[in-house]
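**Q** Fold the following, please.
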Amino acid sequence: FERGSCISSVKTTLDSIQGLYRSFIQECPSGSLHLHEFRRMFGVKHDSAEAQYVENIFRAFDMNHDNTMDFMEYVAALHLVLRGRIEDKLRWSFKVFDGDNNGYLDQQEVTKIIRIIYKIKKSSATQERDLLDMSPDQICERIFRDVDINNDGEITLEEFLQGVQRSLWLQDFLHLDINPSAWVKRRLSERRLTGT
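**A** As a prediction, the model looks like this:
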C-alpha cells in the first residue's frame, strides 16, 4: 500500500493524530524511530522470540527501507494493525514472512517465522494446545502442503492470500500474525503510544 492513500484512509480525529504525534516525538525526538527504539517501545528483550517478531514487524512497516520509521510510517502501521481489513493484514503478514523481500516465501523464511510464532504461542497459556502438538517443521510442511498450490517450493502472495483464507487451521495458527492487534494494543497501551 502507498503511504498517501493509507494516511488519507485513516479515520481518526485531529486530536488523536496530535496525541499520536506527541507520543511519537516523546519516544523519538529525532523524528525517526530506529529498531532498538521500536523494541524498547514494545518492552521486549533483544534476544527473545518476541524481539525477532518485532524486528520483522519493523522491517515490514519501514516502507522506504531506510532502517527507520518516520511518523507517517508509524501511523500507517497503527492503522493497519488496529483497523485494517483482513486482506491488508494478510498482505502485511506475507511481507513479514518474506525476509529477503523477493516476492515469494521459501521454506527457510516460513520456518524462521513459524519458529518465532511457535515460541510466542508456546509461552501463552491461552493458546489452543492442538496447534502446538506439531513441531515447527511439521507446521511449515503443512503450510506448504496447504498453500503451495503448484508445489514449486515457493509461496507467492496470491497463493498465500488464497491459502490462508481457505484454511481455518492456518488462520488459527497465524492469528498472532494476521491480527496482532491485541498483542500490539497491549504492548503499546502499556507505554501509552496508541494515542488513546
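
**Q** switch to C-alpha atoms for all contacts and neighbour counts from now on
**A** Will do.

**Q** where along this protein do the helices fall?
**A** Along the chain, counting by DSSP state H, helices occupy 3-8, 14-27, 35-42, 49-61, 71-83, 86-97, 107-122, 136-147, 157-166, 168-173, 175-178, 181-191.

**Q** Need the ones you listed in CSV (columns: mean pLDDT and mean neighbour count).
**A** Compiled in CSV, those are given as follows (pLDDT from 0 to 100; neighbours: other Cα atoms under 10 Å):
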stretch, mean pLDDT, mean neighbour count
helix 3-8, 48, 12
helix 14-27, 79, 16
helix 35-42, 81, 17
helix 49-61, 80, 20
helix 71-83, 80, 20
helix 86-97, 84, 20
helix 107-122, 82, 18
helix 136-147, 91, 18
helix 157-166, 92, 17
helix 168-173, 82, 16
helix 175-178, 54, 19
helix 181-191, 53, 16
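
**Q** tell me the contacts of the residue at minimal distance from the centre of the chain?
**A** Geometric centre of the chain, nearest residue: residue 57, 4.5 Å, by Cα atoms, centre = their mean. Residues near residue 57 by Cα atoms under 8 Å, 6 or more residues apart in numbering: residue 96.

**Q** Check the one 10 residues further on too.
**A** Residues in contact with residue 67 (Cα under 8 Å, 6+ apart) are 34-35, 59.

**Q** these two touch, right, residue 120 and residue 51?
**A** No - the criterion here is Cα atoms under 8 Å, and residue 120 misses it with residue 51 at 10.3 Å.

**Q** can you give me how far stretch 83-101 is from the chain middle?
**A** 7 Å (Cα atoms, centre = their mean, to the nearest Å).

**Q** Format the CA atom coordinates belonging to that stretch as PDB.
**A** C-alpha atoms of stretch 83-101 as PDB (Å, rounded to 0.1, in the frame of the first residue of the first chain):
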ATOM      1  CA  ARG A  83      -8.200  -1.100  12.000                       C
ATOM      2  CA  GLY A  84      -7.000  -2.800   8.800                       C
ATOM      3  CA  ARG A  85      -9.000  -5.200   6.600                       C
ATOM      4  CA  ILE A  86      -8.100  -8.900   6.700                       C
ATOM      5  CA  GLU A  87      -6.700  -8.900   3.200                       C
ATOM      6  CA  ASP A  88      -4.400  -5.900   4.100                       C
ATOM      7  CA  LYS A  89      -3.300  -7.800   7.200                       C
ATOM      8  CA  LEU A  90      -2.600 -10.900   5.100                       C
ATOM      9  CA  ARG A  91      -0.600  -8.800   2.600                       C
ATOM     10  CA  TRP A  92       1.300  -7.400   5.600                       C
ATOM     11  CA  SER A  93       1.800 -10.900   7.100                       C
ATOM     12  CA  PHE A  94       3.300 -12.000   3.800                       C
ATOM     13  CA  LYS A  95       5.700  -9.100   3.900                       C
ATOM     14  CA  VAL A  96       6.700 -10.100   7.500                       C
ATOM     15  CA  PHE A  97       7.400 -13.600   6.300                       C
ATOM     16  CA  ASP A  98       9.300 -12.500   3.100                       C
ATOM     17  CA  GLY A  99      12.600 -11.800   4.800                       C
ATOM     18  CA  ASP A 100      14.600 -11.200   1.600                       C
ATOM     19  CA  ASN A 101      11.700  -9.200   0.000                       C
END
